[in-house]
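Participant: Make a model of this:
(one chain, ligands or ions: 1)
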Amino acid sequence: MNNQNVKPAEGKLGIMVVGLGAVTSTFMTGVLMARKGLTKPVGSMTQYDKIRVGKGADKKYLPYSEIVPLTKLDDIVFGAWDVYPADAYRSAMYCEVLKEKDINPVKDELEKIVPMKAAFDKNFAKRLDGDNVKDCKTRWEMVEALREDIRRFKAENNCARIVVAWAASTEIYVPVYEPVHGTLAAFEQAMKDNDTEHIAPSMCYAYAALAEGAPFIMGAPNTTVDIPAMWELAEKTRMPIAGKDFKTGQTLVKSGFAPIIGTRCLGLNGWFSTNILGNRDGLVLDEPENFRTKEVSKLSTLESILVPEAQPDLYTDYYHKVRINYYPPRNDDKEGWDNIDIFGWMGYPMQIKINFLCRDSILAAPLLLDLCLLSDLAARAGRYGIQRFLSFYLKSPMYDYRTDEVPVNHLFQQYTMLKNAIREMGGYEADEEID
Ligand SMILES: NC(=O)c1ccc[n+]([C@@H]2O[C@H](COP(=O)([O-])OP(=O)(O)OC[C@H]3O[C@@H](n4cnc5c(N)ncnc54)[C@H](O)[C@@H]3O)[C@@H](O)[C@H]2O)c1
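Facilitator: Below you'll find the model as predicted:
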């Protein structure tokens, strides 16, 4: 059953990624290799997962592409912006996530992905010093130059649709500032007045994408689309937005593990998470102002799963701490440690230790693919504004804080939201309760 209200995935989909670093080059290489049948898109739910549709005797488990019209990997065209001029091949080689033998078969295609000049402001990422940067006098000029890039890319590559995703470095923390971020009119005026304190370069990319009729995804913890002005723009342009921060390693474990403690009604005294990471992402996050953005995003996970107000005996005053330490020898191979101090029957304390030896970009690449394909689907289904069904993929899911809406961090509740949305877009009943 395919819902007639969802437009078909005809023609090419342009995936334009901000930042051509470790995550992006790993993502692009994997898609191009999979297209040639030289690798498998492991970890991508749009390529593997099956969802139940129908109930009782009528129930079937179908892959997403048999429920909704999804863009095929063969129909994707890649574009990117970066502060550094290296093409996708050089970037993949430099980042050392993948072995040369897994990059070389698609070398020619990767070399053709040359980053466009970045809309960049060094104050937002002090550790970066590339020169592939646009020369713009105001934030508004940045937006206009980016809009021009999107239009040109779309025409040159004969794309039917565009999705823009941020997989660039984490910017410094920009808290919501109502006089500028509260309404679209104020926000546009601030861009024209070149308010460089409250308008991050990432906001210019998001604005440009939405204005050009492209969904926007925030893969870093930047507050870019967490502001009412951007929600207003998404509504006006009827485009989907999703964010923020790919839920890859430690937070994925946290949002899947915390429900074990919660469902068994065990108590929590503290949760200490630390990581070592040696790639360029780790370098940027070594700057305290940039780490602050990440910290806020990572800390939000537990509060809505182990809720003090709901279970005061179990979850009052637990201590939650998150650290990231830049340690170059490990490069992209992140190691995370979690120490969880729980208590059980009659308050007796116990400890759980989790040691996750992961690969950051290997975990992030399939998320980027799924987020792009599902945002494109949402746009074709006429969904716009905050896409809560994509919370599953994100560390700090977006929600409208002006209403009594709360973010959903619980991994299995998020999965239910994802499944229900796919069912609905496929013309089936969204038949699972989120509980
Ligand atoms: N890998 C993961 O598991 C993971 C998880 C969650 C979030 N993230 C986030 O994804 C982002 C990318 O991670 P990565 O490991 O690929 O980092 P990376 O440093 O390898 O790549 C980021 C690239 O972005 C570029 N860049 C910075 N500002 C830019 C701008 N304004 N315009 C265009 N390009 C710009 C940098 O030059 C760099 O090449 C980071 O913000 C990271 O925090 C990654």
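Participant: Just give the number of residues close to the residue of the chain found nearest the ligand.
Facilitator: Distances between the chain and the ligand by C-beta to the nearest ligand atom are smallest at G21, namely 1.8 Å. Any C-beta I mention is one placed from the backbone N, CA and C, and that applies to glycine too. When neighbours are defined as other C-beta atoms under 10 Å, G21 has 27 of them.
Participant: check contacts around the residue nearest to it when sequence neighbours are not counted.
Facilitator: Distance criterion C-beta to C-beta, 6 or more residues apart in numbering; nearest residue to G21, sequence neighbours excluded, is R280 at 5.9 Å. By C-beta atoms under 8 Å, 6 or more residues apart in numbering, R280 lies in contact with G21, A22, C95, S169.
Participant: What is the least confident helix or strand in this structure?
Facilitator: One helix or strand of the chain scores below all others by mean pLDDT, DSSP states H and E: helix 288-303, with a mean of 77.
Participant: Which positions in that one come out as buried?
Facilitator: Buried residues in helix 288-303, counted by 16 or more other C-beta atoms under 10 Å: 290-302.
Participant: Could I get those in CSV, plus columns for distance to D404?
Facilitator: Listed next are those as CSV, based on distance: C-beta to C-beta, whole Å:
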residue, distance to D404
N290, 32
F291, 31
R292, 27
T293, 26
K294, 27
E295, 26
V296, 21
S297, 22
K298, 24
L299, 21
S300, 17
T301, 20
L302, 20
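Participant: What about the ligand: which of the residues you listed touch it?
Facilitator: Among the buried residues of helix 288-303, not one lies near the ligand by C-beta under 6 Å from any ligand atom.
Participant: Now for those residues: which two are most distant?
Facilitator: Taking C-beta to C-beta as the measure, the buried residues of helix 288-303 span a maximum distance of 22.2 Å, between N290 and L302.
Participant: can you list the domain ranges for this protein.
Facilitator: 12-246+361-425, 250-357 (automatic domain parsing).
Participant: Can you classify the residue lying closest to A86 once chain neighbours are set aside as helix, strand or coil?
Facilitator: Computed as C-beta to C-beta, 6+ apart, the closest residue to A86 that is not its neighbour in sequence is Y94, at 6.3 Å. Judged by DSSP: H, G, I helix; E, B strand; the rest coil, the three-state class of Y94 is helix.
Participant: Quick one, grab the pLDDT at Y94.
Facilitator: pLDDT for Y94: 95.
Participant: Close to the ligand: what parts of the chain are there?
Facilitator: Counting by C-beta under 6 Å from any ligand atom, the chain sits next to the ligand at 18-24, 81-84, 95, 118-120, 125, 128, 130, 167-170, 201, 219-220, 245-246, 248-249, 279-281, 360-361, 363-364.
Participant: just checking, Y177 touches H198?
Facilitator: Yes: Y177 is within contact range of H198, at 5.0 Å (criterion: C-beta atoms under 8 Å).
Participant: weakest of the domains of the chain by average pLDDT?
Facilitator: Among the domains of the chain, domain 250-357 has the lowest mean pLDDT, at a mean of 90.
Participant: Contacts for the longest strand anywhere in the chain, please.
Facilitator: Assignment by DSSP state E gives strand 267-277 as the longest strand of the chain. The contact list for strand 267-277 (C-beta under 8 Å, 6+ apart) reads 249-250, 254, 261, 282, 285, 298, 302, 306, 313-315, 318-327, 330, 332, 334-344, 347, 349, 360.
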